[in-house]
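>>> Please work out how this folds:
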Amino acid sequence: MVSHLCKVSGVSRQGYYNYFSAKQVERRKDREKKDESLRDLVLKAYNFKNRKKGARQIKMVLAGQFGVVFNLKRIRRIMKKYGIESPFRRANPYKRILKATQEHKVVPNLLKREFKQGIPYKVLLTDITYLYFGKGKRAYLSTIIDASTNEVLAHQVSDRVTLDIATDTLKKLKRNRKIKLPKGAYIHSDQGGHYTSPVYQKLVKKFRLGQSMSRRGNCWDNAPQESFFGHFKDLADIKSCETLEELKQEVKAAIHYYNHYRYQWNMKKMTPVQYRDHLLKVKVA
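I've put the predicted structure just below:
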């Protein structure tokens, strides 16, 4: 019977008996115990600060927070084996809601995709995205991020997408006395009606900022900002929020986590705040 089954399954008799030998059984048990220990560490990083993560984030959190170094291949094997799923990245279908009138003005693209200029607060990126929460409710999130460090410098949540959401975000940035804008600092956006508005552009000039805009219909000209919204929607528990106030609290907590605890692969595996401090030290030196 054993010979017949081995022949059907394409396994040698020697291989069959070797697989069930005491030595091999013990080896598999030891391997399983090691994998379970690894699984517990991976889950610890995966659930750190109650924000789910992908393999790269897990690797950096393990190293940065727990002093444990694993390679990506090992982490991915454990995640696959135990069904630990990375957050699913969703596309951002946000489209312009306001139409520019003749008095609205489009400005040139000063940035030209030179995002990482190594100077904190010099190049600011801004945009607005939607947030679905509760039972069919919708709100909007406006942010300003630092292109060099990906740090979120200001944000505003509203259940309306009026001009105020953009101007209020800009005012919050200005009120933050910790942010020292260098000479030549400017803010970059798409050509949405908020940013071509004379009211918004007047406020930008009042705050002594330059202004830059992406080419029409070209999301790559503001890629870090678009990328942030994708990551943010993965880590924030938006759908469980029932009220606008709950949503605001969750957004605030998620942004704090992103700035202080979300390590970034292409920024020396530092968090945005760590990388900002690193750049400032380099500048001083």
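>>> how about the residue nearest to the spatial centre of the chain, what does it touch?
Against the mean C-alpha coordinate of the chain, by CA atoms, centre = their mean, the closest residue is His231 at 3.0 Å. Residues in contact with His231, defined by CB atoms under 8 Å, 6 or more residues apart in numbering, are 258, 262. Where you see a C-beta, it was placed from the backbone N, CA and C, and this is true even at glycine.
>>> Pull up the gap between it and Leu203, please.
When CB to CB, to the nearest Å is the yardstick, His231 and Leu203 sit 28 Å from each other.
>>> can you check Leu153 too?
Leu153 sits at a distance of 16 Å from Leu203 (criterion: CB to CB).
>>> count of neighbours near Ala236?
Ala236 is flanked by 22 other residues according to other CB atoms under 10 Å.
>>> which non-adjacent residue is nearest it?
Setting aside the residues directly before and after it, Ala236 is nearest to Ala254 in space (CB to CB, 6 or more residues apart in numbering), at 3.8 Å.
>>> try Lys81
Of all residues beyond its chain neighbours, the one nearest Lys81 is Asp35 (6.6 Å), with distances taken as CB to CB, 6+ apart.
>>> Checking that neighbour next. Helix, strand or coil?
helix (DSSP: H, G, I helix; E, B strand; the rest coil).
>>> Quick check: it vs Met267, distance?
Asp35 is 31 Å from Met267, by CB to CB.
>>> cool, and Glu114?
As for Glu114, its distance to Met267 is 16 Å (criterion: CB to CB).
>>> The stretch 51-200 of the chain: strands as residue ranges?
Using DSSP state E, counting those that start in this stretch, the strands of the stretch 51-200 of the chain run over 123-133, 137-146, 152-158, 186-189.
>>> could these be laid out in JSON lines, adding distance to Leu280?
JSON lines is the format used below for the strands of the stretch 51-200 of the chain (distance: least, CB to CB, whole Å):
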{"stretch": "strand 123-133", "distance to Leu280": "15"}
{"stretch": "strand 137-146", "distance to Leu280": "12"}
{"stretch": "strand 152-158", "distance to Leu280": "14"}
{"stretch": "strand 186-189", "distance to Leu280": "19"}
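>>> now the ones you listed in a markdown table, with mean neighbour count and distance to Asp277?
Output for the strands of the stretch 51-200 of the chain, formatted as a markdown table (neighbours: other CB atoms under 10 Å; distance: least, CB to CB, whole Å):
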| stretch | mean neighbour count | distance to Asp277 |
| --- | --- | --- |
| strand 123-133 | 22 | 18 |
| strand 137-146 | 21 | 12 |
| strand 152-158 | 21 | 14 |
| strand 186-189 | 23 | 22 |
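>>> Just put those strands in CSV and tack on distance to Ala166 and mean pLDDT.
Formatted as CSV, the strands of the stretch 51-200 of the chain follow (distance: least, CB to CB, whole Å; pLDDT from 0 to 100):
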stretch, distance to Ala166, mean pLDDT
strand 123-133, 7, 94
strand 137-146, 6, 95
strand 152-158, 8, 97
strand 186-189, 8, 92
